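> Fold the following, please.
(one chain, ligands or ions: 1)
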Amino acid sequence: MKRIAVIGTGISGMAIARLLHRQHDITVFEAASRPGGHTHTVEVHQDQPQGHQSWPVDTGFIVFNHRTYPAFTRMIEALGVKSRASDMSFSVRDDQRDLEYLGGHLSGLFAQKRNLVRPAFWRMIREIIRFYGEARELLAEDCSEGLAPLGPWLRRRGYSRFFIDEHLIPMAASIWSAPPKAIIAFPARFFVRFLANHGMIDLRDRPRWRTVCGGSQAYLKALIAPFQDRIRCATPIHSVAHISAGVRLLGKQVDEIFDEVVIAAHADQALSMRYAGGDLDRDEEETLKAFPYQANMAWLHTDTRFLPRRQQAWAAWNYYRAPGGSQRPVTLTYNLNILQGHVADQQFLVTLNPHRPIDRRQVLRRIQYAHPLYTQHSPQAQSRHKSISGRGGIHYCGAYWGYGFHEDGLQSALRVARHMGLEETW
Ligand SMILES: Cc1cc2nc3c(=O)[nH]c(=O)nc-3n(C[C@H](O)[C@H](O)[C@H](O)COP(=O)(O)OP(=O)(O)OC[C@H]3O[C@@H](n4cnc5c(N)ncnc54)[C@H](O)[C@@H]3O)c2cc1C
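Below you'll find the predicted structure:
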């Protein structure tokens with residue numbers, strides 16, 4: 001039995017802690033006052049004429065599917081956690097162009113009748129079909145073109161500004177919660193490979209999305225139940241360093257030595273802990289530096305002015321093309337009534353980076369999140385995991401080792417578990 005510390009309680013940290021706790025003496029450190037990281041359900045309570053009601057509203061991780069989240073599916077099934085069908089409809093609203101549409105079906109595309117007589121809109125629809133065909137070719141060809149950033153790749157192939165601004169960027173910026181400028185810099189092949197791996201390249205037979213019954217807190221509770229007493233919340237770690245006796249962790253209330261440590265925080269946070277440790281090597285530094293992060297402020301509220309003006313165009317994910325240029329963070333509103341199936345008089349919405357103030361009376365919570373951005377250096381850095389993780393007893397996991405999603409976080413934890421000789425038994 002070893003003394004092992006886990007830093008961070010997102011999906012990555014919780015999963016590795018669960019796999020470790022049976023055989024080892026574990027301590028889990030979490031900077032926030034609650035466990036879960038991006039697994040974050042807020043219980044909204046309201047007194048209604050028919051009595052007191054509450055809804056478990058997810059503000060971070062919301063959806064998964066059986067096809068492209070195999071490990072997550074196995075895990076929640078083993079934990080006896082139920083899920084239900086969700087809806088992944090997507091809308092775009094651009095007030096400058098006086099445009100809005102709901103993707104996916106004809107009535108939504110033409111919810112705004114003017115779209116019927118907009119040549120650029122018809123061209124966009126043709127380009128959507130062309131894009132998915134060409135994306136498949138890019139994957140099949142082993143060409144250097146795929147290393148190019150997405151923006152120049154699209155321009156070289158003659159895609160219209162309208163298609164890029166009103167479809168491709170909204171879709172990608174919503175998936176990664178990234179500013180348009182960062183999306184354009186994503187490596188083309190990385191982007192397309194993600195779409196292919198997630199069944200999004202096929203216009204038919206797309207994965208069916210699901211959501212956890214009772215909110216993502218339901219799986220979080222089941223996952224951490226056996227080691228809950230080992231989690232120390234509100235205990236940020238500032239420094240992680242190799243010493244002859246093991247690995248030393250320092251924080252305001254911490255000065256402890258462990259045999260091994262798993263850092264399950266974001267890459268930039270891991271980097272800062274290792275810088276403070278003072279014995280970071282070049283390989284580790286170069287690798288962790290390859291994942292910049294985008295801070296996104298999420299507001300939980302009920303102000304429907306953040307949805308398309310036409311109710312027929314309301315979707316699960318609603319992109320708002322805000323003025324202010326491509327550097328501006330994404331403005332995106334998740335409709336949790338649609339995503340989680342809440343039945344309520346008001347719409348429970350989470351808006352990332354609102355473009356204008358939300359009606360104060362309708363604000364329920366404000367939460368700071370950060371998402372990894374991917375650059376041309378990221379795929380190569382990901383391939384170096386083996387050489388930096390586990391060295392001297394310091395392991396790394398987190399969703400940034402994949403595409404930034406829940407399955408990626410879990411897969412990264414399973415990889416560390418395999419390296420430590422642990423079985424995947426929940
Ligand atoms: C609004 C939003 C919606 C999303 N929706 C989905 C979705 O529907 N489906 C999906 O697959 N993915 C979704 N994601 C992506 C999500 O980021 C990943 O799925 C995943 O949850 C990230 O897990 P992680 O373990 O890598 O990081 P996190 O969940 O961020 O966990 C990292 C933890 O480390 C802690 N930490 C950091 N520094 C320290 C320190 N110094 N000391 C101690 N603790 C520290 C943090 O407080 C945090 O708890 C969403 C993300 C957001 C923000």
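
> Buried ones in the lengthiest helix in the chain, by neighbour count?
The single longest helix within the chain, with elements called by DSSP state H, is helix 119-140. Going by neighbour count (16 or more other Cβ atoms under 10 Å), the buried part of helix 119-140 is 121, 124, 127, 131-132, 134-135, 138-139. C-beta coordinates here come from the backbone N, C-alpha and C atoms, glycine included.

> same deal with stretch 319-330?
Using 16+ other Cβ under 10 Å as the test for burial, stretch 319-330 gives 319-322, 329-330.

> Quick check: of the residues you listed, which lies closest to the ligand?
residue 330 (10.7 Å; Cβ to the nearest ligand atom).

> what's the distance between residue 327 and the ligand?
From residue 327 across to the ligand, the span is 20 Å (Cβ to the nearest ligand atom, to the nearest Å).

> near the ligand, which residues of the stretch 1-150 of the chain?
With Cβ under 6 Å from any ligand atom as the criterion, the stretch 1-150 of the chain meets the ligand at residues 7-13, 29-32, 37-39, 60-64.

> Of these, which belong to strands?
Under the assignment DSSP state E, those contribute 7, 29, 63-64 to strands.

> Residue of the stretch 151-300 of the chain closest to the ligand, please.
Relative to the ligand, the nearest point of the stretch 151-300 of the chain is residue 265 (3.4 Å; Cβ to the nearest ligand atom).

> That residue against residue 398, yeah?
Yes - the pair residue 265 / residue 398 is scored as a contact, 6.8 Å apart, by Cβ atoms under 8 Å.

> Between these two, which contacts overlap?
By Cβ atoms under 8 Å, 6 or more residues apart in numbering, residue 265 and residue 398 have these common neighbours: residue 8.

> ok, the closest residue to residue 38 other than its chain neighbours to residue 34 distance?
Closest residue to residue 38 apart from its sequence neighbours, by Cβ to Cβ, 6 or more residues apart in numbering: residue 60 at 3.8 Å. With distances taken as Cβ to Cβ, to the nearest Å, residue 60 is found 11 Å from residue 34.

> count of residues packed around the residue nearest to residue 9 when sequence neighbours are not counted?
The shortest distance from residue 9 to any non-neighbouring residue, by Cβ to Cβ, 6+ apart, is to residue 35 (4.0 Å). Residue neighbour count, defined by other Cβ atoms under 10 Å, stands at 23 for residue 35.

> so where's this protein shaky on pLDDT?
Across the chain, the ranges flagged by pLDDT under 70 are 142-147, 325-326.

> rerun at 80
Low-confidence segments of the chain, defined by pLDDT under 80: 47-50, 140-148, 199-205, 323-328.

> and it, what are its domains?
What automatic domain parsing lists as the domains of the chain is 3-40+216-291+376-419, 84-210+293-372.

> Please list all residues in contact with residue 58.
Applying Cβ under 8 Å, 6+ apart, we find residue 58 in contact with 40-41, 211-212, 215-216, 336, 339-340.

> And for residue 248?
Applying Cβ under 8 Å, 6+ apart, we find residue 248 in contact with 239-242, 255-257, 277.

> Confirm it sits in a strand?
Yes - looking at residue 248 with DSSP: H, G, I helix; E, B strand; the rest coil, it is inside a strand.

> is it true that residue 39 touches residue 222?
No - the criterion here is Cβ under 8 Å, and residue 39 misses it with residue 222 at 11.7 Å.
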